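1. Here is a sequence together with a model predicted from it:
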Amino acid sequence: MSQEFICSIKSVRFDENYQPADNTRLTTNFANLARGEHRQENLRRTLAMINNRFNTLASCDNPNADRYSLEIDIISAELDVEGNGKTFPFIETLKSTIIDHKTNERIEGMIGNSFSSYVRDYDFSVVLPELGFKTNEKPENFGDLHGKLYQHLVNSDVFKAEFKKQPVICLSVSTSKTYYRTANIHPVLGVEYKNDEYSRTDDYFKKMGLSVRYFKPENATAPLAFYSANNLLTDYTDFELISAISTMESFQKIYRPEIYNTNSVAGLVYQPSLNFQDFSLTRIVYDRVERSQLAVKQGKWTEENFIKPYKDILEQWAANFAAENTKQEHAA
């Protein structure tokens, strides 16, 4: 390959003392919670929600529902396009480690969970509006570059040296789609739902090599969307799955209470809506309006600092990436 983008990975602990670095994407759930006068209280309550949910789901040999807690690290991956030491912040995800307070063991949790990307902000908040696309409409090559960059990262030696498994990303279901309850029930993930067609987000993640399944865990009000390159049901431990559910369901209760903190539960046919009124607010301060405004600002920042200056390099790299992958598929 004529141009090899160098990947690097940084890690910072997400705890009650967490303060976002200057170059952290401000639209991330965890960065939003860690600002303002209530920041420490927000963080403490969020972590308590996550731990409580984990113990509820990991109930075996856990009579007081206090045996486990999660350590969560924010994983930031950066790309050096020209090999000159100048890096671009590509994505942020979360990695959890489970602490068993009975045995003092540290157990692997999930890598992935949340997913935050500057290039994704550019695609959704700059490209689509400028081209005038409506809900679920998109250009044919939408997400191609982002998908290739993501696959380059997770298949890099740097990523594989840090993490034993491929990420599982857990997001909210789409408000533009209808979901149907199936007879399939997983002991950890819960009841499986299916939808009649992929959403635009599902298609976007498919270009990252990730397929989606929707599950509503026990006592949850709505299904979550789980995106994985591997087999979600066989390639991850129960504890890894529980760590993803407890972390991301807690964030969604804060961020989208109209879906994930409602006073009624998704039925056989489910249409998520942010206009639903019968929900409870958590005692955690979250600025959702600011988040949507920042997505546009950060998408434009990406255009000026990544897409435009590296346009020719990115196009050549993407073409080579596709050609090399085709060669490898034929060789296999």
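-> Thanks, I have the structure now.
2. who does Tyr214 bridge with?
-> Tyr193, Ala225 (DSSP bridges).
3. which is the next helix or strand following the helix or strand of the chain with the lowest mean pLDDT?
-> One helix or strand of the chain scores below all others by mean pLDDT, DSSP states H and E: helix 29-33, with a mean of 57. Helices and strands here follow DSSP states H and E; after helix 29-33, the next one along the chain is helix 39-57.
4. in its sheet, what does the next helix-or-strand element following that next one sit against?
-> From helix 39-57 onward toward the C-terminus, using DSSP H and E, the following helix or strand is strand 68-80. Sheet pairing here is set by DSSP bridges, and for strand 68-80 it gives strand 6-14 (antiparallel), strand 88-100 (antiparallel).
5. What distance do you get for Phe239 to Lys297?
-> Counting by C-beta to C-beta, to the nearest Å, the gap from Phe239 to Lys297 is 38 Å. The way it works is simple: take the backbone N, C-alpha and C, and place the C-beta from them, glycine included.
6. Pick out whichever of those two has more residues nearby.
-> Each of Phe239 and Lys297 has its neighbours counted (other C-beta atoms under 10 Å); Phe239 has more, 20 against 13.
7. which element is the more buried one on?
-> Going by DSSP H and E, Phe239 is in helix 238-255.
8. just the angle between that helix and strand 68-80, please?
-> Here helix 238-255 runs at an angle of 80 degrees relative to strand 68-80 (axes from the mean of the first three to the mean of the last three C-alpha atoms, to 10 degrees).
9. by contact count, what packs against helix 238-255?
-> helix 29-33, helix 39-57, strand 68-80, strand 88-100, strand 105-117, strand 168-172, strand 224-228, helix 257-260 (3 or more C-beta pairs under 8 Å, 6 or more residues apart in numbering; DSSP states H and E).
10. would you turn these into CSV with mean neighbour count and distance to Ser250?
-> Putting the helices and strands packed on helix 238-255 into CSV (neighbours: other C-beta atoms under 10 Å; distance: least, C-beta to C-beta, whole Å) gives the following:
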stretch, mean neighbour count, distance to Ser250
helix 29-33, 22, 10
helix 39-57, 19, 4
strand 68-80, 20, 10
strand 88-100, 21, 11
strand 105-117, 21, 11
strand 168-172, 22, 11
strand 224-228, 23, 11
helix 257-260, 20, 9
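11. okay if I get those as TSV plus distance to Ser156?
-> Output for the helices and strands packed on helix 238-255, formatted as TSV (distance: least, C-beta to C-beta, whole Å):
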stretch	distance to Ser156
helix 29-33	24
helix 39-57	29
strand 68-80	9
strand 88-100	11
strand 105-117	14
strand 168-172	18
strand 224-228	18
helix 257-260	33
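12. Mean pLDDT lowest where, among those?
-> Ranked by mean pLDDT, the helices and strands packed on helix 238-255 bottom out at helix 29-33, with a mean of 57.
13. Per-residue pLDDT of Ala323, please?
-> pLDDT, Ala323: 56.
14. Low-confidence stretches in the stretch 201-332 of the chain?
-> Residues of the stretch 201-332 of the chain meeting the criterion pLDDT under 70: 285-292, 322-332.
15. Show me which residues of stretch 315-324 are buried.
-> 317-318, 321 (16 or more other C-beta atoms under 10 Å).
16. actually stretch 193-204, not the one I wrote
-> Buried, per 16+ other C-beta under 10 Å, within stretch 193-204: 193, 195, 198-204.
17. Including distance to Asp100, could these go into TSV?
-> Shown next, in TSV, are the buried residues of stretch 193-204 (distance: C-beta to C-beta, whole Å):
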residue	distance to Asp100
Tyr193	32
Asn195	37
Tyr198	38
Ser199	37
Arg200	40
Thr201	35
Asp202	35
Asp203	39
Tyr204	37
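18. among these, which are in helices?
-> 200-204 (DSSP state H).
19. between these, which is nearest Tyr122?
-> Tyr204 (12.2 Å; C-beta to C-beta).
20. Not counting sequence-adjacent ones, nearest residue to that closest one?
-> Gly143 (4.3 Å; C-beta to C-beta, 6 or more residues apart in numbering).
21. so who does Lys216 touch?
-> Contacts of Lys216 were listed using C-beta atoms under 8 Å, 6 or more residues apart in numbering, and they are 181, 190-191, 193, 222-224, 266.
22. Also Asp235?
-> Per C-beta under 8 Å, 6+ apart, neighbours of Asp235: 165, 228.
23. how far away is it from Leu153?
-> For Asp235, the distance to Leu153 - C-beta to C-beta - is 19 Å.
24. Also Ser11?
-> 15 Å.
25. Between the two, point out the one with more neighbours.
-> Leu153 (20 against 11).
26. Can you classify that one by secondary structure?
-> Following DSSP: H, G, I helix; E, B strand; the rest coil, Leu153 is assigned to helix.
27. my guess is it meets Glu78, correct?
-> No. With contact defined as C-beta atoms under 8 Å, Leu153 does not count as touching Glu78 (9.5 Å).
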